[in-house]
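> Build me a model from this:
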Amino acid sequence: MWVVVGVVVAVVAIATYVTWLANRVDRLHARAQAALLALDGRSVRRAVAATDLSERLNLPEIRQRAAAVLALDAEDDPALVEPGLRSEAENHLTRVLRAAAGHSDPDALGEVIEASRRLALARQVHSDQVRDALAVRRRPLVRLLRLARRHPTPAFFDIDDPTLEPPRAA
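Below is the predicted model of the structure:
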């Protein structure tokens, strides 16, 4: 009798753990996807702020780079855009904005600097979520039971640090 109770308790404990682990895998992947969408939104906000800045200061290079980012965002699903294209466009925009920041009025750059800071924070959150999702995918039980098979493997969004510093007053 006690053997049957022991086996039932063990089966219930194992089933509870596997259910908890499957829910954790689902939650981590959902968080990584949400962080990617937030990162995409912050990227678009920075591109829009850069476009506004380019119109105010008449800087066609910024407008061109921001348009590239916005064009890549026009895809239906950000996950379908080739990561190299998107990160290259973001990095070009960052370089152009840094060059403009050295020669522009700090008041004119305020919106772009704020958008760049928020993009950097969103990128860090996304990287943390992807790291956690990849870590749980590497667990032996998750691989053995294929608990992550319904979710695409999350990928890091590898761009240069997008923060901008306002020009220093002399």
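> phi, psi of residue 152?
Backbone torsions for residue 152, taken as degrees, to the nearest 10, come to phi -70, psi 150.
> before we move on, what about residue 156?
Dihedral angles (degrees, to the nearest 10) for residue 156: phi -70, psi 150.
> Tell me if I'm right that it and residue 128 touch.
No - when contacts are counted by Cβ atoms under 8 Å, residue 156 is not listed as touching residue 128 (10.4 Å). Yep, even glycine has a C-beta here, placed from its N, CA and C like the rest.
> Please name the nearest non-neighbouring residue to residue 34.
Once flanking residues are discounted, residue 34 sits nearest to residue 129: 7.9 Å by Cβ to Cβ, 6 or more residues apart in numbering.
> Please apply the same query to residue 141.
The nearest residue in space to residue 141 (Cβ to Cβ, 6+ apart) is residue 21, at 6.4 Å.
> Which parts of the chain are strands?
Counting by DSSP state E, the chain has no strands to list.
> ok, longest helix in it?
Ranked by residue count, the top helix of the chain under DSSP state H comes out as helix 2-57.
> could you check the angle helix 2-57 makes with the helix or strand bottoming out on mean pLDDT in the chain?
The helix or strand of the chain with the poorest confidence is helix 60-73; it has a mean of 76 (mean pLDDT, DSSP states H and E). Taking axes from the mean of the first three to the mean of the last three Cα atoms, to 10 degrees, one finds helix 60-73 and helix 2-57 inclined to each other by 150 degrees.
> so where's this structure uncertain?
Applying pLDDT under 70 to the chain picks out residues 74-83, 166-170.
> residue contacts, the nearest residue to residue 87 once chain neighbours are set aside?
Excluding the flanking residues, the one nearest residue 87 by Cβ to Cβ, 6+ apart is residue 159, at 4.8 Å. Residues in contact with residue 159 (Cβ atoms under 8 Å, 6 or more residues apart in numbering) are 87, 90, 91, 94, 123.
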